[in-house]
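Asks: sequence isn't available, so here's the structure alone:
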């Protein structure tokens, strides 16, 4: 039901914006000697409608997404930026400020080991045994 009210509100505000555009172009601008042809007004109304539609779709997507209060300890993610000692990580599709005692490269897999305010305390996830064996044999 709440999404229906959002849709009604979006349509109402879009119509009001279109009406305001028509009023400005047809009554206000000719008063200051600026005349825009009818085809120009139609193009502006189409552009405003497309802009409003895109904003509606993005807004509705943001409203329907279930909010995440904070990730649980043990959650996994990836470093979005290099972390030394602070940076940003992506956990469960959301970007979080993070801090670590070790240097972590962007793209490296991480685990949440604690939470301090709105900053995640993280550590890098160790490579698996196969990768470690390959590293020791390479040289």
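Replies: Thanks, I have it. Keep in mind that this is a model prediction, so the values were computed, not measured.
Asks: each with direction, which strands does the lengthiest strand in the chain pair with?
Replies: With secondary structure taken from DSSP state E, the chain has its longest strand at strand 109-116. Next to strand 109-116 in the sheet, as set by DSSP bridges, lie strand 76-79 (antiparallel), strand 119-124 (antiparallel).
Asks: so where's the chain uncertain?
Replies: Along the chain, the parts satisfying pLDDT under 70 run over 1-3, 67-68, 127-139.
Asks: make it 50
Replies: Across the chain, the ranges flagged by pLDDT under 50 are 1, 129-139.
Asks: stretch 10-26: which residues count as buried?
Replies: Neighbour counts using 16 or more other CB atoms under 10 Å place 10, 14, 25 of stretch 10-26 among the buried residues. (C-beta placed from N, C-alpha, C; glycine too.)
Asks: show me what stretch 81-100 is in contact with.
Replies: 68, 71, 75-80, 101, 103-106, 110, 112, 116, 118-124 (CB atoms under 8 Å, 6 or more residues apart in numbering).
Asks: let's go with 6 Å and repeat that
Replies: 68, 71, 75, 77-80, 103-106, 110, 119-122 (CB atoms under 6 Å, 6 or more residues apart in numbering).
Asks: mind checking how far it is from the chain centre?
Replies: Relative to its parent chain, stretch 81-100 has a centroid offset of 16 Å by CA atoms, centre = their mean, to the nearest Å.
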